[in-house]
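Trainee: Dropping the sequence and predicted coords here.
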Amino acid sequence: MRIIKVFDTTLRDGEQSPGATMNVEEKLKIARQLARLNVDIIEAGFPITSQGDFDAVKRIADEVKGVTVCGLARAVEKDIDRVAGAVKNAESGRIHIVIATSDIHLKYKLKMDREAVLAMSVKAVRHARKYTNDVEFSAEDATRSDWDYLCRVTEDVIKAGATTVNIPDTVGYTVPQEYSQLIAYLMDRVPNVDKAVISIHCHNDLGLGVANSISAVLSGAGQVECTINGIGERAGNASLEEIVMALKTRPKFFDADTRINTREIYKTSKMVSRITGMTVQPNKAIVGDNAFAHESGIHQDGFLKERSTYEILNPEEIGIPKSKLILGKHSGRHAFKDRLSAIGFQSLTEEEINKAFERFKALCDQKKHIFDEDIEALITDEITKESNVYSFSSLYVVSGTGQKPAAKIKLSIRGEMREMEGTGDGPVDAVYNAIKELTGTKSELKKYEIKGLTGGTDALGEVMVLLEEDSRIVRASASDPDIIVASAKAYINALNKLAVAGRTVEKGV
Ligand code: KIV
Ligand code: ZN
């Protein structure tokens, strides 16, 4: 059986999802989890775009072992030098070079002709090879490029030293049959194709990212590029968990597998969703809340008689915890720690666990049953506190019929305690006006959503906000038994994300 390499780009293409910006610590946490998931390559960022991206790639390369760490560069020396600097301490480092090859991109974006792009590609690969013998070349918008030109580019970059050549469906335009034909065409026509791994990278604009990816595997692609939960530019990238489980579930059909430790999938999905604030839709394949829920009576009956009647995957294989309702006020620290690990928080320090345990005990006084979602929420609050510019301290709100809603909020701003009062059309508006005044933010609230995390009137309320400032969009969420407090915390979390250094050149490619 062929082993297909899994190249995870959650931290680069995934981060290009609107609002999914992550700070260095958050990226490091995800990278460690990706290493536990056993991906082959982590694309950790695009170092030339900002100091923050450079630092993230460097920290991951320095600290995360047992996996290849890669950074993206345009086909220019300064980008390549920057990636080389960021991955120089990696156990195994890769430089990933991208330049467009489609006529549309050449004419309107690059304003170059085919020969010039070919020469630039070769030069860039040669330059990268001075630093490492693991160089990936991506022909951006490959699926809208001329196939014979793509063959020439592939042949020449392999000659120049590229060890992986990626054929991205950058705009999610192709369809499975065509994409598999394109990969087969390259495998057939490029004389030195056996000297490199052919990689694929699909976007989901037509909802075909995963279908296209697995069809390319059937034609000989040896590496799949994907993201956790399918997050990514526009409609996202092909989802890692879906590709991996498709290959695993149909081994005879694909005769191909990956090295992924599937039992880490669920935890990874939860972590990425929590950190990016991008919730997973309930009906999402593999990791959605309903992926293993049987509603119809006939299905339930069949399932209870024999699981395989209606379930093609075993939830345990994906690492989905067996029970959801678990802890309460009599649960001890040990059970709490076990549960933390089961839902994806394995790398907490003892101090973080102790603080979270204290908050868990306090929550038990407010709520009888503590669900995984509750634990996740309180831990996320606890561990995101450290590196924050703003942190919530207290809130007092007056609201009701016949009076103007008013709020008094206390925040710590870079360690200094400050207080402000505000009024508004409703209690949330009053709180947000007070926070705006106190922090002097210019951001605009683009979206506000609220939901109960679990059942019951004592459920934690989760608030998600989307803020925009100077065309940067961030998304953040927070939860609390008091929905006005949750609203305040979500807003503050978003302001903290905005406070992370902005990018210096245009984001992404
Ligand atoms: O979609 C794309 O073409 C990319 C490249 C950088 C591989 O993300
Ligand atoms: Zn992409």
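Mentor: Nice, I can see it. Ligands and ions are numbered 1, 2, ... in the order given.
Trainee: Find the nearest non-adjacent residue to the residue in the stretch 301-450 of the chain that ligand 1 sits nearest to, please.
Mentor: Relative to ligand 1, the nearest point of the stretch 301-450 of the chain is K446 (25.1 Å; Cβ to the nearest ligand atom). For every residue, glycine as well, the C-beta is placed using N, CA and C. Sequence neighbours aside, L466 is the residue nearest to K446 in space, at 4.5 Å (criterion: Cβ to Cβ, 6 or more residues apart in numbering).
Trainee: dump the residue contacts of that neighbour.
Mentor: Contacts for L466 (Cβ atoms under 8 Å, 6 or more residues apart in numbering) come out as G19, L445, K446, K447, Y448, I473, V474, R475, A494.
Trainee: Wait, the residue of the stretch 301-450 of the chain closest to ligand 1 touches L467, no?
Mentor: Yes - under the criterion of Cβ atoms under 8 Å, K446 makes contact with L467 at 6.6 Å.
Trainee: Overlap of the contact sets of the two?
Mentor: I473.
Trainee: tell me which parts of this protein are close to ligand 1?
Mentor: Neighbours of ligand 1 within the chain, by Cβ under 6 Å from any ligand atom: D13, L72, V98, S138, E140, N166, P168, T170, H201, H203, V509.
Trainee: hang on, isn't the fifth one packed against P168?
Mentor: Yes - counting by Cβ under 8 Å, E140 does reach P168; the two are 6.0 Å apart.
Trainee: Count the residues that sit near M245.
Mentor: M245 has 23 neighbours, counted by other Cβ atoms under 10 Å.
Trainee: Kindly apply the preceding question to Y108 instead.
Mentor: Y108: 10 neighbours (other Cβ under 10 Å).
Trainee: now do G400
Mentor: 7.
Trainee: Can you tell me the closest non-neighbouring residue to I286?
Mentor: E241 (4.3 Å).
Trainee: Neighbours of that neighbour, how many?
Mentor: Neighbourhood size, E241 [other Cβ under 10 Å]: 26.
Trainee: that's a helix at it, yeah?
Mentor: Yes - E241 forms part of a helix when assessed by DSSP: H, G, I helix; E, B strand; the rest coil.
Trainee: is it true that it touches I318?
Mentor: Yes - counting by Cβ under 8 Å, E241 does reach I318; the two are 7.3 Å apart.
Trainee: joint contacts of the two?
Mentor: Common neighbours of E241 and I318 are listed as I265, I286, V287 (criterion: Cβ under 8 Å, 6+ apart).
Trainee: Give me the helices and strands touching the helix or strand where the first one lies, please.
Mentor: So that's I265. Using DSSP states H and E, the element containing I265 is helix 265-276. Judged by 3 or more Cβ pairs under 8 Å, 6 or more residues apart in numbering; DSSP states H and E, helix 265-276 is in contact with helix 24-37, helix 240-249, helix 372-384.
Trainee: Please report how far T132 lies from I167.
Mentor: Remark: distance between T132 and I167 (Cβ to Cβ, to the nearest Å) = 22 Å.
Trainee: er, R475 actually
Mentor: 31 Å.
Trainee: tally of neighbours for N354?
Mentor: Applying other Cβ under 10 Å, we find 13 residues neighbouring N354.
Trainee: no no, I228
Mentor: Burial of I228 is recorded as 31 neighbouring residues (other Cβ under 10 Å).
Trainee: now do the one 5 residues further on
Mentor: Using other Cβ under 10 Å, E233 has 22 other residues around it.
Trainee: Which residue does the stretch 201-350 of the chain have closest to ligand 1?
Mentor: H201 (4.9 Å).
Trainee: show me what contacts the residue nearest to I286?
Mentor: I228, N229, I265, S269, A285, I286, V287, I318.
Trainee: pLDDT value on it, please?
Mentor: Model confidence at E241, expressed as pLDDT, equals 98.
Trainee: My guess is S347 contacts R32. True?
Mentor: Yes - under the criterion of Cβ under 8 Å, S347 makes contact with R32 at 5.8 Å.
Trainee: Overlap of the contact sets of those two?
Mentor: Residues touching both S347 and R32 (Cβ under 8 Å, 6+ apart): none.
Trainee: shaky segments in this protein?
Mentor: 294-295, 322-326, 344, 368, 380-387, 500-509 (pLDDT under 70).
Trainee: domain ranges for it?
Mentor: What automatic domain parsing lists as the domains of the chain is 2-254, 293-382, 388-500.
Trainee: Pipe those into a markdown table and attach distance to G277 per row.
Mentor: Formatted as a markdown table, the domains of the chain follow (distance: least, Cβ to Cβ, whole Å):
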| stretch | distance to G277 |
| --- | --- |
| domain 2-254 | 7 |
| domain 293-382 | 10 |
| domain 388-500 | 4 |
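Trainee: Please work out which of these is packed deepest.
Mentor: Across the domains of the chain, averaging neighbours per residue (mean count of other Cβ atoms under 10 Å) puts domain 2-254 on top, at a mean of 21.
Trainee: Tell me the spacing between the nearest residue to D103 once chain neighbours are set aside and D194.
Mentor: Leaving out its chain neighbours, the residue that sits closest to D103 by Cβ to Cβ, 6+ apart is D146, at 6.9 Å. Taking Cβ to Cβ as the measure, D146 and D194 are separated by 23 Å.
Trainee: Equivalent analysis for R339, please.
Mentor: Counting by Cβ to Cβ, the gap from R339 to D194 is 49 Å.
Trainee: Report back the residue of this structure that's furthest from centre.
Mentor: Most distant residue from the mean C-alpha position of the chain: G402, 45.6 Å away (Cα atoms, centre = their mean).
Trainee: Now it: which helix or strand?
Mentor: Applying DSSP H and E, one finds G402 in no helix or strand.
Trainee: again, but for S477
Mentor: Here S477, judged by DSSP H and E, is contained in strand 472-480.
Trainee: Distance-wise, check E77 relative to G71.
Mentor: Distance, E77 to G71, by Cβ to Cβ: 14 Å.
Trainee: again, but for T349
Mentor: Counting by Cβ to Cβ - T349 and G71 are separated by 28 Å.
Trainee: Which secondary structure state is assigned to the nearest residue to G220 once chain neighbours are set aside?
Mentor: Distances taken as Cβ to Cβ, 6+ apart put M187 closest to G220, at 4.7 Å, once the chain neighbours are dropped. When classified by three-state DSSP, M187 comes out as helix.
Trainee: Please tell me I have it right and M187 contacts D194.
Mentor: No - contact criterion Cβ under 8 Å: M187 and D194 do not qualify, at 9.0 Å.
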